[in-house]
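Q: Based on what follows, work out the 3D shape:
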Amino acid sequence: MALPTDYQDAYQAFADQLECLMALVTLAECDRCQLKIAADQLQQLFQSQILTLSSAGAHLPQSLQSLQVEIDKQLRLLNMDLLFWQSAHRPETRQQRQTQMQNRLTLLGQYCAAVLVA
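A: Next up is the predicted model:
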């Protein structure tokens, strides 16, 4: 079953914004405010454009519904990682948290790619 066009467009916008956020996180000196804004925008895009499509009655295969649940969970965990990163004082801890955010964004990118291929 092909992904409905509305979903394709929404997930492509999500993938583009995810890529921008990944670019910010990989910078050696991340700007806290800019990173928080970008993460919030990504979460808002997912909730307002993708989850609203699901609640509007569009029928998706179980596998895609499962991916959406997992993406939502990973976005919430990303926000927690961001909070811990912002509050870290030691450079080693900040680097660990930054690496964790990069890993989570990579995973989100894989989920998004899986949805777009479906």
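Q: Could you list the low-pLDDT ranges of the chain?
A: For the chain, the stretches with pLDDT under 70 are 1, 55-59.
Q: How about the residue in this protein that sits furthest from its center?
A: Ranking residues of the chain by C-alpha distance from their mean position (CA atoms, centre = their mean) puts residue 90 at the top, at 26.0 Å.
Q: Could you measure from it over to residue 96?
A: Applying CB to CB, to the nearest Å, the value for residue 90 to residue 96 is 9 Å. Heads up, the C-betas are built off the backbone N, CA and C, glycines and all.
Q: and residue 3, helix, strand or coil?
A: Applying DSSP: H, G, I helix; E, B strand; the rest coil to residue 3 yields a three-state assignment of coil.
Q: Tell me how many other residues surround residue 78.
A: 21 (other CB atoms under 10 Å).
Q: next one: stretch 108-118 to chain centre, how far?
A: 11 Å (CA atoms, centre = their mean, to the nearest Å).
Q: If you count neighbours, what's buried in it?
A: Residues 108-109, 111-112, 115, 118 are the ones in stretch 108-118 that count as buried (16 or more other CB atoms under 10 Å).
Q: okay if I get those residues as TSV plus distance to residue 3?
A: TSV is the format used below for those (distance: CB to CB, whole Å):
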residue	distance to residue 3
108	17
109	17
111	13
112	12
115	7
118	6
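Q: Of the residues you listed, just say which sits nearest to residue 23.
A: The closest of the buried residues of stretch 108-118 to residue 23 turns out to be residue 109 (CB to CB; 11.9 Å).
Q: all helices for the chain, in order.
A: Counting by DSSP state H, the chain has helices at residues 5-25, 32-45, 52-55, 62-87, 91-117.
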